[in-house]
Structures are given as structure tokens and as C-alpha cells.
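A.B. asks: show me the folded form of this:
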Amino acid sequence: PTRLYQSAKNATGFGPDKSIATEAFDEAEAMFLQATKAKDGEKKIFLEAAELYDKAANRWPDSAMQEDALFMQAECYFFADRYPKAAEHYEILVKKYQNTRHMDTVDKRRFALAQYWVKHFENDPDWVITPNLTSRDRPLFDKFGNGVRVLDKIRFDDPTGRLADDATMAA
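C.D. replies: Below is the predicted model:
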């Protein structure tokens with residue numbers, strides 16, 4: 001199925017293409033810089049940049065550009081306060097590129113996400129099965145469990161990293 005899917009993508013013009021990937025990455029970089037300087041509506045710009053980073057990552061797989069695009073996509077979600085999506089994309093990055101050069105920043109961001117979710121749970125505890133339907137900065141279910149899971153991911157993905165001991169103690 002994977003080969004069939006890739007063949008279909010290539011046949012329809014959606015296969016690997018470095019020029020399209022580079023163009024999308026450069027446009028996303030410009031949007032990211034614009035969003036960091038903007039006062040109002042920057043979250044919308046971050047989300048648009050994340051889509052372009054996704055396009056760049058998909059159009060030039062298994063490259064340094066894909067690694068950077070996956071990292072920047074996660075950063076866009078982080079700065080747009082879409083923390084569950086940010087955590088998911090940081091995890092995708094680390095799974096695909098285990099020794100990524102962005103590991104220190106990834107660990108810092110994931111540690112901040114985990115602390116936010118755990119502190120939010122401590123301030124406003126709820127049941128594991130209580131859905132979060134109003135806020136996009138918290139997971140759909142189980143804030144505390146997701147926070148601990150992210151702390152565990154920090155420990156497992158980078159056991160000798162700067163935050164591995166802190167994540168162990170926090171978990």
C-alpha cells in the first residue's frame with residue numbers, strides 16, 4: 001500500500017520536488033518572521049506558515065529541509081497556542097530524526113507544554129473522561145495524563161539531555 005500510494009502521488013504530480021519544497025519553505029519562513037513581528041492576528045499567520053512548512057516537508061522527504069520544516073511546523077503550532085498539535089509534531093520530528101539538531105529546543109518546548117498541562121490540571125482538576133471542547137491549548141482528554149506522557153517522551157527520546165533529569169522528577 002505504501003508503494004502504491006507513493007506511485008499515485010508521483011503520477012499525479014505530488015511526488016518529491018525540491019523546487020516546490022524550497023519555494024514553500026522560503027514562503028513559510030517569511031510568514032513566520034511576519035508573525036513574530038505582528039501584534040494582532042499573529043496566530044492565524046503562524047497557522048498559515050505551518051501549512052506551508054508541511055508542504056515543504058512532504059515535497060522533499062528524507063532531507064535536512066524536511067527536518068527543519070517539521071521543526072518549524074511544530075514551532076508554529078507552539079506559538080499559535082495549539083499545544084496538542086505542537087506536541088504531536090515535535091514527536092513526529094523526533095521519531096523521524098532521532099538525533100535532530102533541534103533536540104534542545106524540542107525538549108524545552110515539550111517540557112513547557114507538560115508543565116502547563118499539569119499545572120492547569122492542578123488548578124482545575126477534572127475527570128480523565130471529561131472532554132475539552134473549548135480550548136485549543138489543552139488536549140481533548142486527560143490534561144494530567146498527557147502532561148506526564150510528554151515528560152516521559154522527553155526522558156525516553158533524549159535520556160542524556162539537559163532536561164531528562166528534570167522530566168524524570170516532574171513525572
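A.B. asks: all contacts plus neighbour counts: C-alpha atoms, from now on.
C.D. replies: OK.
A.B. asks: contact partners for residue 94?
C.D. replies: The contact partners of residue 94, by Cα atoms under 8 Å, 6 or more residues apart in numbering, come to 100, 103, 157.
A.B. asks: again with residue 47
C.D. replies: Here residue 47 is in contact with 76, 77, 80 (Cα under 8 Å, 6+ apart).
A.B. asks: please identify the buried residues of the one helix or strand it maps to?
C.D. replies: Element membership of residue 47, judged by DSSP states H and E, is helix 42-59. Buried residues in helix 42-59, defined by neighbour count with 16 or more other Cα atoms under 10 Å: 42-43, 45-50, 52-59.
A.B. asks: stretch 59-67 now?
C.D. replies: 59, 60, 61, 65, 66, 67.
A.B. asks: coming back round to it: show me the contacts of residue 47 that map onto strands.
C.D. replies: Among the contacts of residue 47, none falls in strands (DSSP state E).
A.B. asks: any chance of a ChimeraX selection covering the buried ones in the residues you listed?
C.D. replies: To isolate the buried ones among those in ChimeraX, judged by 16+ other Cα under 10 Å, type:
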select :76,77,80
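A.B. asks: re earlier: closest one of the buried residues of helix 42-59 to residue 168?
C.D. replies: Closest approach to residue 168 among the buried residues of helix 42-59 (Cα to Cα): residue 50, at 30.7 Å.
A.B. asks: quick one: contacts for residue 121?
C.D. replies: 143, 144 are the contacts of residue 121 under Cα under 8 Å, 6+ apart.
A.B. asks: appreciated, that's everything.
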